[in-house]
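S.K.: Need coordinates for the following:
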Amino acid sequence: MMNTFKSGSKQWMFQRLSNACIVAYSLLLVCLLLTVDLSSFTAVSNLFQSTWFRVITSLCVVFFAFNSALAGWQIAGDYVKQKSLNKLFNMICMTASAASVVIILATLWG
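M.R.: Predicted coordinates:
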């Protein structure tokens, strides 16, 4: 996956777009907290049952996972100089990102 982002400008653009998505999602959550009565479990459950909210949340989770995997790859490239540790660090970052996507999407859609 990281070979796609060998260009620094592609990395920069992807991170900015994914960060914009995450900020927009955060603003959506703040607006929902301020405008929708979420004082009961039923109200929160109803919000998470709506398809539009699940789709938006799913997209944001995927963007967040790719963003974190890319950030881990960049951190490893800058600070982890030993090749085997670099690969291990990248594998851990990608595994954690993929696992978070699977767990969150299974919880959200399950």
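S.K.: what bits of this structure have low per-residue confidence?
M.R.: The model of the chain has pLDDT under 70 over residues 1-7.
S.K.: If we use 90, what do you get?
M.R.: 1-18, 32-33, 35-49, 66, 68-78, 80-81, 110 (pLDDT under 90).
S.K.: Let me know the helix or strand that the residue most central in space within the chain is in.
M.R.: Nearest residue to the geometric centre of the chain (Cα atoms, centre = their mean): Phe64, 1.5 Å. In this assignment (DSSP states H and E), Phe64 forms part of helix 51-79.
S.K.: hmm, what's the outermost residue in the chain?
M.R.: Max distance from the centre of the chain (Cα atoms, centre = their mean): Gln82, 27.6 Å.
S.K.: For that residue, grab phi and psi.
M.R.: Main-chain dihedrals, Gln82, degrees, to the nearest 10: phi -70, psi 130.
S.K.: Could you shift the numbering so residue one becomes 867, and keep it that way?
M.R.: In the new numbering, first residue 867, that becomes Gln948.
S.K.: how close does it sit to Ser906?
M.R.: To Ser906, Gln948 is 53 Å away according to Cβ to Cβ, to the nearest Å. Where you see a C-beta, it was placed from the backbone N, CA and C, and this is true even at glycine.
S.K.: Look up how far Ser884 lies from the residue lying closest to Ser966 once chain neighbours are set aside.
M.R.: Leaving aside its sequence neighbours, Ser966 sits nearest to Ala931 (Cβ to Cβ, 6 or more residues apart in numbering; 6.0 Å). Using Cβ to Cβ, one gets 9 Å for the distance from Ala931 to Ser884.
S.K.: gap between the residue nearest to Ser966 and Ala937?
M.R.: Ala931 is 11 Å from Ala937, by Cβ to Cβ.
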